[in-house]
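Student: Predicted model, plus sequence, below.
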Amino acid sequence: MADTATTAQAESGETRRDFLYLAAAGMGAVGVGCVAWPLLDTMNPSAEVLALASTEVDLGPIAEGQRITVTWRGNPVFIDHRTPEQIEQARDVEVSELPDPQTDADRVEQPEWLIVIGVCTHLGCVPLGQKTGQSRGEFGGWFCPCHGSHYDTSGRIRKGPAPLNLPVPPYQFTGDSTIVIG
Amino acid sequence: MSGFQTNSRVIKWIEHRMPVFSFLDHAVGSGYPAPKNLSYMWNFGSLAGMTLVIMIVTGILLAMQYTAHVDYAFDSVERIMRDVNFGWLLRYIHMNGASFFFIVVYIHIFRGLYYGSYKAPRELLWMLGVVILILMMATAFMGYVLPWGQMSFWGAKVITNLFSAVPIFGEGIVTWLWGGFTVDNPTLNRFYALHYLLPFIIVAVVVLHIWALHQFGSNNPLGIDPNGPQDKIPFHPYYTAKDAFGLGVFLILFAAVVFFLPNYMGHPDNYIPADPLATPAHIVPEWYFLPFYAILRSIPDKLLGVVAMFGSIIVLFILPWLDSSPVKSGKFRPIFRIFFVLLIIDVVALGFVGANPPEGAWLVVGRIATAWYFLHFLVILPLLGVFERPKPLPTSISEPVLKGGGSPMGSGAPAKPMEKA
């Protein structure tokens, strides 16, 4: 047995010392990794930041056709009380032709209330269209002034560099006219 | 000039225990011979070093007055401007110093591009320079976030969002960079820490850059190696004096901007406190990032745009192997000279594209200019080395001066008289 082992080592040019080097270096790398992870993870959001994660909104005062902005996790959330025409517009689209295909029904709990995170999926600007007089882009939704992305009345990307639709945050209706986001 | 000489007993005492004086003499003194034909284009390396010192000194003093917190950052900068003794001067030097640092470094880089300073045996020297450029960009970007104005905030948001283009891990990386769900207090704090750290890392890489430089010495306008001591002069007093004179001219221009046009290169929007709910109508980065920003926006795909933007700098790392011509100086490369001028026009055009909204004609110009940028480095330079017929090189650094024009063919490219000054 000993003979075969020695021969095998001699043929492949590997020695026990090579193995020891590899094992020691490998163990060292694992050790460095184990220390690096907690150091890097300090830069992630802490539990206390994650806990500030729900916002309650009263939808009562928002008239039809009106849009308001609330803050959730430091980001703007657009709440749009859509008119029947806007809902019609959002539904009257060939879904397969969209850059990020999604039906309007998949993006709302109740058709008259569209709730999306108001952060452009390109590079994070806040799109225009919440205030009267602002450009709503070519599709009547929102328009991002930074790099020219156009969103429709369902907050879906239609034209421009943004790759995805405006995301819908997790929310639920807690009453007839109140929602909790997060 | 061989070896360091002194009569001072104190210096001798120190020198014997730690040879710091002979080290300095060898680095920037009479013990460091440099080619005797260096033009004023060779001033910009030491000038960049001086600018780095100015930035570090003013930066440390500013750090004593600044508060890195979203609720206080903007006000603390305003306090520096209004209440701190000479605070306005400190901030205006630091703020405009960043711009001047980039002006100096960009001239330094284009000097290297024209005279082939990246070619063997100076490839590592060049690559260390590219590392410095990248560190400078990161430092400048994070510094711009600290005043916490509208441009600070939205610049930070857009640039950190670039990393969301990374497949699969993108969102995780961005959340990690922010330390939250958007650019917020944790982001400001870490940017401040890194903005303070990176300049010292730049100093370390500058030391390596100079170390690599001293292995073979400076390139020169002719791009040929000195034949011997007759082609060189001691760095001190000749080039220390020339560098000092250049520094004086630089400081006049710098002071003119600091005192009379301090906000010329800035954006008024950054005097509005950051508002995470409203993006300014037109966000643009500082002028020194505009060409790269133009490349980012010229490509309609998000990931490819980010890749192209970083690629435009990364391509400089492999430049020594892309340019296959054995002739260093552009003076002797008639076709290269034309393409060099086109590259400068291209980069300036990209700058204008970056400053304007990506619509209509600007979008078209941006796409052409972006394509040309990569074409220049990846196609034209490798081909030029094969197809271009360079002019005959002079046999020595002295020849063009002593024989009044060097080779017979050389008369087509007369050296600018200024360069002999």
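Tutor: Thanks, I have it.

Student: I'd guessed B:Gly59 sits against B:Ile93; true?
Tutor: No. Using C-beta atoms under 8 Å, B:Gly59 is not in contact with B:Ile93, being 9.8 Å away. From N, CA and C alone the C-beta is placed, and that goes for glycine too.

Student: ok, these two, which is more surrounded?
Tutor: B:Ile93 (25 against 20; other C-beta atoms under 10 Å in any protein chain shown).

Student: Can you report how many residues neighbour B:Tyr106?
Tutor: By other C-beta under 10 Å, neighbour count at B:Tyr106 equals 15.

Student: which stretch of helix or strand covers it?
Tutor: helix B:87-114 (DSSP states H and E).

Student: Give the buried residues for the helix or strand just after that helix.
Tutor: Counting by DSSP H and E, the next helix or strand C-terminal to helix B:87-114 is helix B:123-145. Going by neighbour count (16 or more other C-beta atoms under 10 Å in any protein chain shown), the buried part of helix B:123-145 is B:123-130, B:132-136, B:138-145.

Student: I'd like the next helix or strand past helix B:123-145.
Tutor: Downstream of helix B:123-145 (by DSSP H and E), the next one is helix B:150-161.

Student: A:Ile68: helix or strand, and which one exactly?
Tutor: Using DSSP H and E, A:Ile68 maps to strand A:67-72.

Student: just to revisit the earlier point, on contacts alone, who are the packing partners of the helix holding B:Tyr106?
Tutor: helix B:44-63, helix B:73-82, helix B:123-145, helix B:240-260, helix B:334-355 (3 or more C-beta pairs under 8 Å, 6 or more residues apart in numbering or on different chains; DSSP states H and E).

Student: OK, contacts around B:Asn189?
Tutor: B:68-69 (C-beta atoms under 8 Å, 6 or more residues apart in numbering or on different chains).

Student: go on, the one 5 residues further on?
Tutor: Shown here is B:Leu194, whose contacts under the criterion C-beta under 8 Å, 6+ apart are B:138-139, B:142.

Student: nearest to chain A, of those residues?
Tutor: Taking C-beta to the nearest C-beta as the measure, chain A sits nearest to B:Met142 out of the contacts of B:Leu194, at 14.3 Å.

Student: Wait, that closest one touches B:Leu197, no?
Tutor: No. In this structure, B:Met142 is not within contact of B:Leu197 by C-beta under 8 Å, at 9.7 Å.

Student: got the residues of chain A near chain B?
Tutor: By C-beta under 8 Å from any C-beta of the partner chain, the residues of chain A that approach chain B are A:40, A:43-45, A:49, A:69, A:71, A:73-76, A:119, A:122-127, A:144-148, A:161-163.

Student: buried stuff in the lengthiest helix in chain A?
Tutor: Longest helix of chain A, by residue count under DSSP state H: helix A:16-41. Buried residues in helix A:16-41, counted by 16+ other C-beta under 10 Å: none are found.

Student: now do stretch B:377-388
Tutor: B:377, B:380-381, B:384-385, B:388.

Student: what's the closest of those residues to B:Tyr115?
Tutor: B:Leu381 (14.5 Å; C-beta to C-beta).

Student: I figured the closest one was touching B:Pro320, is that so?
Tutor: No. When contacts are counted by C-beta under 8 Å, B:Leu381 is not listed as touching B:Pro320 (10.5 Å).

Student: circling back to that earlier point, of all the helices and strands packed on helix B:87-114, which one is nearest chain A?
Tutor: Evaluated over the helices and strands packed on helix B:87-114, closeness to chain A peaks at helix B:334-355, with 11.8 Å, by C-beta to the nearest C-beta.

Student: which helices and strands does that closest one pack with?
Tutor: With contacts defined as 3+ C-beta pairs under 8 Å, 6+ apart, the packing partners of helix B:334-355 are helix B:87-114, helix B:290-298, helix B:360-375, helix B:381-387.

Student: Could you say which of the ones you listed is packed most deeply?
Tutor: Highest mean neighbour count of the helices and strands packed on helix B:334-355: helix B:290-298, a mean of 25 (counted as mean count of other C-beta atoms under 10 Å in any protein chain shown).

Student: Run a quick neighbour tally on the closest residue to B:Leu247 other than its chain neighbours.
Tutor: Leaving out its chain neighbours, the residue that sits closest to B:Leu247 by C-beta to C-beta, 6 or more residues apart in numbering or on different chains is B:Met50, at 5.8 Å. A count of neighbours around B:Met50, defined by other C-beta under 10 Å, yields 18.

Student: Can you check what pLDDT the model gives B:Met50?
Tutor: The model reports B:Met50 with a pLDDT of 97.

Student: Same check on the one 5 residues further on?
Tutor: On pLDDT, B:Met55 comes in at 97.

Student: how close does it sit to B:Val203?
Tutor: Per C-beta to C-beta, to the nearest Å, B:Met55 is found 11 Å from B:Val203.

Student: got it, and B:Ile283?
Tutor: The gap separating B:Ile283 from B:Val203 is 32 Å, by C-beta to C-beta.

Student: neighbour-wise, which of these two wins?
Tutor: Taking neighbours as other C-beta under 10 Å, B:Ile283 and B:Val203 compare with B:Ile283 leading, 21 against 14.

Student: Now that one: closest residue in space, sequence neighbours ignored.
Tutor: Per C-beta to C-beta, 6+ apart, closest to B:Ile283 is B:Trp154, 4.9 Å.

Student: gap between that neighbour and B:Pro300?
Tutor: From B:Trp154 to B:Pro300 the distance is 22 Å (C-beta to C-beta).

Student: Between the two, which has more neighbouring residues?
Tutor: B:Trp154 (26 against 13).

Student: In this model A:Leu123 seems to touch the more buried one, though I could be wrong.
Tutor: No. With contacts counted by C-beta under 8 Å, B:Trp154 stays clear of A:Leu123, the gap being 9.4 Å.

Student: so what sits against both of those two?
Tutor: Common neighbours of B:Trp154 and A:Leu123, using C-beta under 8 Å, 6+ apart, are A:Cys146.

Student: And the next helix or strand past the helix or strand where B:Glu15 lies?
Tutor: In this assignment (DSSP H and E), B:Glu15 forms part of helix B:9-17. Going down the chain from helix B:9-17, the next helix or strand is helix B:20-28, by DSSP H and E.

Student: Show me which residues of that next one are buried.
Tutor: So, applying 16+ other C-beta under 10 Å, buried residues of helix B:20-28: B:21-22, B:25-26, B:28.

Student: now do stretch B:211-220
Tutor: For stretch B:211-220, burial by neighbour count (16+ other C-beta under 10 Å) applies to B:212-213, B:217-220.

Student: what's in contact with it?
Tutor: Identification of contacts with stretch B:211-220 by C-beta under 8 Å, 6+ apart yields B:26-27, B:32-35, B:37-38, B:42, B:45, B:112, B:115-117, B:121-122, B:124-125, B:128, B:226, B:232, B:328, B:397.

Student: Mind doing that once more with 6 Å?
Tutor: Here stretch B:211-220 makes contact (C-beta atoms under 6 Å, 6 or more residues apart in numbering or on different chains) with B:34-35, B:37-38, B:115, B:117, B:121, B:124-125, B:128.
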